[in-house]
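Peer 1: I'll drop the sequence and a predicted model, then ask my questions.
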Amino acid sequence: MEIVITGSAREAAIIAADAFERLLWGTDRAVIGLATGSSPLPTYHELIERHGNGRVSFARTRVFLLDEYVGLGPEHPQLLRSFIEREFIDQVDVPANALVVPQCGPADLASAAETYERRIANAGGIDLQLLGIGRNGHIGFNEPPSSLVSRTRLKTLTTATRQDNARFFGNDPDMVPLHGITQGIGTILEARHVVLVATGEAKSEPIAKAVEGPVTAMMPASALQLHPHATVIVDEAAGQQLRHADYYREIYRNKPVWQHF
């Protein structure tokens, strides 16, 4: 696990976008996994700007959405599919029908997880998966104590997660769905590169536990310690509880250029 501590959320977004840019330049048909929420937004804004400047193209990419709510109508504006289309997909050149989302309609639930996993496999696996982290350490909708080898499945959202997401639902937690379908932790760990971005003081405790604490189902993000190529990018506020912050800064500062991503 590589820990990168930056001076601001903007710097964190630049470094995360660098990982995407390097992937897109290095492979003909990239498969990327995207997360929703506040943490990834600056990265998407940076990628949109780079696309506008001609630095990156998503014309030959396949995109997998990390998770989706269950119980919202197909046109609901707070579907995570709607979020990623509005905030990113519709502003770059991702091909039509290249976005793959877990199907959460009543008729789809029984087979949705298996279908989604099969589509990832048929695409050759995910090259780069972008993640955020919840206050309780969840990644995707993998709430504690999620199995560290779990696959895509239906999960019940905790009260804390629904409270955090209430800002997208008129600040009413009761309007946030109780369930979602999410990539499992085992599914996430199969991505060839995982990039987790966290900013703000509220994320400092889960980041410290995920990075420096034990690997445990009670802190789902700690499973990234087991990944051969995981990059955790934080700003100073999110990294303030890291006991070895000076060491992480030193390692990153002296990293050979050819090793970056």
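Peer 2: Right, received. Where do you want to start?
Peer 1: could you give the separation of stretch 97-110 from the chain centroid?
Peer 2: 19 Å (CA atoms, centre = their mean, to the nearest Å).
Peer 1: how about the CA coordinates for that stretch, as CSV?
Peer 2: In CSV, the C-alpha atoms belonging to stretch 97-110 read as follows (Å, rounded to 0.1, in the frame of the first residue of the first chain):
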residue,chain,number,x,y,z
ASN,A,97,-23.5,1.8,-23.5
ALA,A,98,-20.0,1.6,-22.1
LEU,A,99,-21.2,2.2,-18.5
VAL,A,100,-22.1,-1.0,-16.6
VAL,A,101,-24.2,-0.6,-13.5
PRO,A,102,-25.6,-3.3,-11.1
GLN,A,103,-29.3,-3.8,-12.2
CYS,A,104,-31.4,-3.0,-9.1
GLY,A,105,-35.0,-3.3,-10.4
PRO,A,106,-37.3,-5.7,-8.7
ALA,A,107,-37.1,-8.2,-11.6
ASP,A,108,-33.3,-8.1,-11.7
LEU,A,109,-32.3,-8.5,-8.0
ALA,A,110,-32.1,-12.3,-7.9
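Peer 1: can you pull the buried residues of it?
Peer 2: Judged by neighbour count using 16 or more other CB atoms under 10 Å, the buried positions of stretch 97-110 are Ala98, Leu99, Val100, Val101, Pro102, Cys104. Heads up, the C-betas are built off the backbone N, CA and C, glycines and all.
Peer 1: now that stretch: mean pLDDT?
Peer 2: Mean per-residue pLDDT for stretch 97-110: 87.
Peer 1: which residues sit against that stretch?
Peer 2: Stretch 97-110 is contacted by residues 61-65, 67-72, 74, 80-81, 84-85, 89, 112-113, 115-116, 119-120, 123, 152, 154, 180-182 when judged by CB atoms under 8 Å, 6 or more residues apart in numbering.
Peer 1: ok, back up a step: looking at the buried residues of stretch 97-110, which are in strands?
Peer 2: Of the positions in the buried residues of stretch 97-110, Leu99, Val100 sit in strands, assigned by DSSP state E.
Peer 1: just the buried residues of stretch 97-110 now: which is nearest Gln129?
Peer 2: Within the buried residues of stretch 97-110, the smallest distance to Gln129 is 13.1 Å, found for Val100 (CB to CB).
Peer 1: quick one on the thing from earlier: and the buried residues of stretch 97-110, which two are furthest apart?
Peer 2: Ala98 and Cys104 (19.2 Å).
Peer 1: give me the number of residues near Glu2?
Peer 2: 16 (other CB atoms under 10 Å).
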